[in-house]
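Trainee: here is the input, now give the coordinates:
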Amino acid sequence: MAKEGQPVIFLDHASTTPVDAMIREEIARLMALPMNASSDHVPGQQARALLEESRAETAAILAVSPGEIVFLSSATEANNLALRGIAEVWRRQGRRLRVLTSDLEHSCIRETTADLASRGLADVFAMPVTPGGRAQLPETSDGVDLLCLMAAQNETGVLQDLAGATRLRRAGGGLWLCDVTQFFGAAPVRIADLGADLVSMSSHKVYGPPGVGLLAGPGVKRLLPMITGGPQEGDLRAGTQPVALIRGFAMALRQAEDRREARNQHLRNLESVFLRRLADLGVAHEVNGGAADARLPGFLSLRIPGLDGADAVVALDGRGFAVSSGAACATGVMEASPALRAMFPGDEARAGGAVRITPGAATTVADMLALADSLAELGRRVSTK
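Mentor: This next block holds a predicted model:
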């Protein structure tokens, strides 16, 4: 653990991003106001107007109608609403939901589909995974009610076959749930062009506040709610909306769009500088997911032969670097993730050796060079044991 007072170089932006300063100020201002958008008095009407303004702005960015935006607490809740909401519709029709997914999906998809299957509500079919970190889509989606394919894998940053999923969706009659949590900000997400029925994301991955996310797309009209007790969010998510957080989320989405190209270039440069330094220091390394154009900009799942991923994270933390050994949701679980195991079946050393490095907007070249130097030192220690 980093020593008290030691500055921390945060390189785990895939797990969360700091809230942008301007957004933080606006949230603080709104938090001081009474903002229940369900109330009929003037403050309630003002809150409702701000909520719907934020919904309209978000809908314009995602190219859907405002009525196809559901604000929730996170992408995890959004994915649960999508899966459980669809499964309940099928159950009432006397049918089991047939889901096509893979081990690359976030744990909220894997665990929720497994739960639905255990209760007889779904049949789950798994797509194979390539060593490059992509789910292999079938030739046809016949017999599939719901495809779960994320836009970019949350541990490796590998871009998935969205064009293939679009073709499958348009050729078949099933639905497509696409988690764009890591992807948004690196590329535009226009649901009408993408062809997905439902997309999910979290605010805290795009420099917005934690505690808010969304589910969007025409598929929301086909869901039943998980949380009842009020008419909020089109009867799909009862409870008083956190208007200040939703406003911050909408602001973060707009900033991500406006700053996308500059931020992508910044991250690509940091990655290039870092990998070049490792090479100059003679550090043998492998990047899970392959070439830069196959991954999100600046998203590195790295393996240094002989260096255990979890051990490296602890050692780097002691030197003031915050990185990850896999998905943040798996923290504390000292085993290779399902995603990496699917990429490297039978190769526990490769699967368990990953260090996930994800710089952000405020990361500097000096930060990345210092990390490379520390990794080189750790690698030398391993090689001399």
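Trainee: and stretch 165-176, end to end?
Mentor: Distance across stretch 165-176, first residue to last, is 8 Å (C-alpha to C-alpha, to the nearest Å).
Trainee: what about it, average pLDDT?
Mentor: Regarding stretch 165-176, the rounded mean pLDDT is 89.
Trainee: list the buried ones in it?
Mentor: By 16 or more other C-beta atoms under 10 Å, the buried positions in stretch 165-176 come out as 165-166, 168-169, 172, 174-176. For every residue, glycine as well, the C-beta is placed using N, CA and C.
Trainee: of these, which belong to helices?
Mentor: Among these, the ones falling in helices (DSSP state H) are 165-166, 168-169.
Trainee: spatially nearest residue to residue 108 (excluding sequence neighbours)?
Mentor: Excluding the flanking residues, the one nearest residue 108 by C-beta to C-beta, 6 or more residues apart in numbering is residue 76, at 4.2 Å.
Trainee: that neighbour: what's it in contact with?
Mentor: 106, 108, 202, 213 (C-beta atoms under 8 Å, 6 or more residues apart in numbering).
Trainee: could you measure from it over to residue 373?
Mentor: Distance from residue 76 to residue 373, counting by C-beta to C-beta, to the nearest Å: 36 Å.
Trainee: likewise for residue 167?
Mentor: The gap separating residue 167 from residue 373 is 46 Å, by C-beta to C-beta.
Trainee: where along the stretch 151-300 of the chain do the strands fall?
Mentor: Assigned strands in the stretch 151-300 of the chain, in chain order: 175-179, 198-202, 213-216, 286-287, 300-303 (criterion: DSSP state E, counting those that start in this stretch).
Trainee: correct me, but residue 35 touches residue 246?
Mentor: No. Applying C-beta atoms under 8 Å as the test, residue 35 and residue 246 come out as separate, 9.9 Å apart.
Trainee: helix or strand for residue 374, which one?
Mentor: Taking DSSP states H and E as the definition, residue 374 sits inside helix 365-383.
Trainee: pLDDT added to the contacts of residue 76, as TSV?
Mentor: Shown next, in TSV, are the contacts of residue 76 (pLDDT from 0 to 100):
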residue	pLDDT
106	96
108	97
202	98
213	98
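Trainee: format those as JSON lines; extra columns: distance to residue 283.
Mentor: What follows is those, written out as JSON lines (distance: C-beta to C-beta, whole Å):
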{"residue": "106", "distance to residue 283": "30"}
{"residue": "108", "distance to residue 283": "35"}
{"residue": "202", "distance to residue 283": "33"}
{"residue": "213", "distance to residue 283": "38"}
